[in-house]
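Enquirer: The amino acid sequence is not available; the structure is as follows:
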């Protein structure tokens, strides 16, 4: 069965997007700094992390807001894999060069089941704070792959808000610094 992985870059003060996320600023004001490590090209550590994540991803589960602000930037699916958009409003399947966007309005469980089935032996990559939080609260997240960026955004969308009061234990699997981010991998203890 496919693993479910949150793959996220976060600022040192806990934000995965800056303030005022929208069409004009898909990563929020100042948030584009979070992903510079992906495009810089100067670090083999970073390049290996990108290759590893693309190799792992067999399907993507993302929220509607992430889709709405990201699809124009991506110009395609964010990974060459089937993507499932958790939404409250049905929409037709959208076919892109590298995969499809299927809009699932029947709830998290259905969307995750579809993504797991599509991923096969590979992983389901989660995108968007709300989706990560929902899957983590439901006890269905297997790993967190976190890139910690050396920047303080001071506001925006926090990754670990809305988790409730339950203690969530993590086991560190790896920590690898690069000149641009620190790559951290954790297993969610169930």
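Expert: Here it is on my side, so go on. This structure is a prediction, so every number in the text was calculated from the model and none was measured. Residues are numbered from 1 along each chain as shown.
Enquirer: going forward, measure contacts between C-alpha atoms and count neighbours the same way
Expert: Noted.
Enquirer: Tell me which helix or strand residue 125 sits in.
Expert: Using DSSP states H and E, residue 125 sits in strand 123-127.
Enquirer: Show me what the next helix or strand after that strand is packed against.
Expert: Downstream of strand 123-127, the first helix or strand assigned by DSSP H and E is helix 129-137. For helix 129-137, the packing partners by 3 or more Cα pairs under 8 Å, 6 or more residues apart in numbering; DSSP states H and E come out as strand 57-63.
Enquirer: ok, the strand it packs on: who's next to it in the sheet?
Expert: Paired strands of strand 57-63, with direction, are strand 83-86 (parallel), strand 123-127 (parallel) (DSSP bridges).
Enquirer: do you know which of these lies nearest residue 97?
Expert: For the strands paired with strand 57-63, proximity to residue 97 was assessed by Cα to Cα; strand 83-86 is nearest, at 12.3 Å.
Enquirer: Give me the mean pLDDT for the closest one.
Expert: Strand 83-86 carries an average pLDDT of 98.
Enquirer: what do you get for stretch 16-30?
Expert: Averaging pLDDT along stretch 16-30 gives 88.
Enquirer: Next, the buried residues of that stretch.
Expert: For stretch 16-30, burial by neighbour count (16 or more other Cα atoms under 10 Å) applies to 16, 17, 18, 19, 20, 21, 25, 26, 27, 28, 29, 30.
Enquirer: ok, now stretch 117-126?
Expert: Buried-residue list, stretch 117-126, by 16+ other Cα under 10 Å: 118, 119, 122, 123, 124, 125, 126.
Enquirer: Just to check, the first one is in contact with residue 58?
Expert: Yes - counting by Cα atoms under 8 Å, a contact exists between residue 118 and residue 58, whose distance comes to 6.9 Å.
Enquirer: shared neighbours of these two, which are they?
Expert: Residues touching both residue 118 and residue 58 comprise residue 82, with contact defined as Cα atoms under 8 Å, 6 or more residues apart in numbering.
Enquirer: any chance you could map the helices in this structure?
Expert: 36-40, 44-56, 64-74, 108-119, 129-137 (DSSP state H).
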